[in-house]
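# mind folding the following:
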Amino acid sequence: MICKYLRCSMTTKIKYKKKILIVGGGYIGTLTSLLFSQKDDFEVTLVEKQNRLGGLYNSAWEYGEYCFDYGSRSIVQTNIKDIDNLLWEILPKSVYPRSKKNLKEFSFQKGKLREYSNCLDARLLEIAEKKIALKQMKEIKKSDILNKNLKNLESFCKAIYGESLTLNLIKPAIEKLTGINMIETDPCALFAHNLNRLIIANQIESKKLKSKNVFNDNRIAFSQYDDHVSDLVKMYPRKGGLRDFGKRLHKYLSRRKNVTIKLENTVNNILSEGNLIKSVLLKDKTILQPDIIIWTIPPIFLSKILRLDSIASKSNEFRNLILSHYVLEGKIKTKAYYLYNYDPQFKNYRTTVYQNFSCPSDKLKSITVESFCDEINPELDYFKNTLFDEIKKMDIISSESKIIDNKIHIQKNAIPKYSLKFTKNQNQIFDNLNTKYKNLMVFGNIGGSKSSLNHAYKIYQEL
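Modelled structure (predicted):
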């Protein structure tokens, strides 16, 4: 806990406002700002590089009434009551209908559309191969792996799922997504890409196996996306895409007297003394002297400012993301909101079908296709045509569909490859930064937004 007081006399202490600097106005940073803005004894400054809040929860492209997001995103309940109550207050039901139903996230595997789940399905293997694979997996017990040194993703998967499922099902998919060999990959990649649960049986058998023990539950998936319904509320605006989300959060924070929002700004320098950060220089020459700094963007940028040499800051440890947005004329042939493609023969990684998710329309259709790329300067027109042809082959849209308009762009260094070296270095950076400076909290780690928000809430409660 960090608390400071101004002494007026020997017997009286006057508590002054704690100055909180939050770096990064993306999803985590903005929700953290919402949380800290609720106490008047906090003076909150939010710094964001873009000209708007929300980060990737913003529109990537707008075409008339059609809005395209930065990939497959929806607003999901955080399970932190103080944050969720604010979201319910800021986002009206009339615009953001709430639902506890599971999202229709489906997949494309082994050359076919699978409209029942987004999980890898062992039942799609050849009969003989499948028999061996399922036998191997079912014979594995948690006690078999307790003392094993599972250094990389391949050894981890073989220990958890067996050799056959690892090599014939997981390996092609995960290597497509990471761009590197399983032997070079950290096990966290499996969880980062949500491939840790496999479909191995029908609905009845899957439920039975999952209920047997926690070990099974963590590695076996339900065979249907709606076999289990969580209590989490999901929201997506009926119209206008997620651009409205950031606007509403900005409007709310702007009304709070204890919040200062600095858009189109960055941290240029940091001065420290011992184990405390004393001052922060912003791009606009503002000098801040925060009691606490909450850093919600990747620590790579912080390590550069502090001149820390790090493999985690090298571009070859990341993959670029190609986003191709289409306004098209044709028929949508899937009920999916999001559709993941694990087939290594396709460049397509994920497709968002906006009409299915937000507001059905008989007019033109809107779709976003994502693809990973390791080239420094890829030929974007090639991706535009290739990805559109692929969604025809995947039977997502009718074969006679035509592009009315298209916007394609690249997000460089968008996602880590999760190599063993990268993950080790990343964790080291977090540990070093969080222990070296008592008034610095670094979020946004591989654990994802949920763990980061929980961390923020814990600090909030302590203060």
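# the lengthiest strand in the chain pairs with which strands?
If you go by DSSP state E, the chain has its longest strand at strand 402-416. In the sheet, strand 402-416 lines up against strand 318-329 (antiparallel) (DSSP bridges).
# okay, now the sheet partners of the next helix or strand after the strand it pairs with, with direction.
The helix or strand immediately downstream of strand 318-329 is strand 338-341, counting by DSSP states H and E. If you go by DSSP bridges, strand 338-341 pairs up with strand 105-109 (parallel), strand 350-353 (antiparallel).
# tell me the mean pLDDT for strand 338-341?
Here strand 338-341 scores 96 as its mean pLDDT.
# so Ile459 sits in a helix?
Yes - counting by DSSP: H, G, I helix; E, B strand; the rest coil, Ile459 is located in a helix.
# quick check: closest non-adjacent residue to it.
Met441 (6.1 Å; CB to CB, 6 or more residues apart in numbering). C-beta here means a position set from N, CA and C on the backbone, and glycine is covered the same way.
# helices or strands next to the host helix or strand of the one you found in the packing?
Using DSSP H and E, Met441 maps to strand 440-442. Counting contacts by 3 or more CB pairs under 8 Å, 6 or more residues apart in numbering; DSSP states H and E, strand 440-442 is packed against strand 292-295, helix 420-436, helix 449-462.
# how far is that strand from where the chain is centred?
20 Å (CA atoms, centre = their mean, to the nearest Å).
# partners of that strand in the sheet?
Checking strand 440-442 against DSSP bridges gives partners strand 292-295 (parallel).
# and the partner strand, what's its mean pLDDT?
Here the average pLDDT along strand 292-295 is 94.
# what's the distance between it and the middle of its chain?
Distance, centroid of strand 292-295 to centroid of chain: 21 Å (CA atoms, centre = their mean).
# so which bits of whichever helix or strand comes after that strand are buried?
Where DSSP H and E defines the elements, the next helix or strand beyond strand 292-295 is helix 299-305. Buried residues in helix 299-305, defined by neighbour count with 16 or more other CB atoms under 10 Å: Pro299, Ile300, Phe301, Leu302, Ser303.
# would you say Thr166 is within a helix?
Yes - counting by three-state DSSP, Thr166 is found in a helix.
# tell me how many other residues crowd it.
By the measure other CB atoms under 10 Å, the count of residues near Thr166 is 23.
# isn't it right up against Cys157?
Yes - in this structure, Thr166 is within contact of Cys157 by CB atoms under 8 Å, at 4.1 Å.
# give me the common contacts of those two.
Contact criterion CB atoms under 8 Å, 6 or more residues apart in numbering; residues shared by Thr166 and Cys157: Met182.
# ok so, going back, quick one: contacts of the longest strand of the chain?
60-61, 63, 68, 70, 192, 315, 317-330, 364, 372-373, 378, 380-381, 383-384, 388, 422-423, 426, 446.
# make a ChimeraX selection of the buried ones in those residues.
The ChimeraX selection below is limited to those of these classed as buried (16+ other CB under 10 Å):
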select :60,61,63,68,70,192,317,318,319,320,321,322,323,324,325,326,327,328,330,364,372,373,383,384,388,422,423,426,446
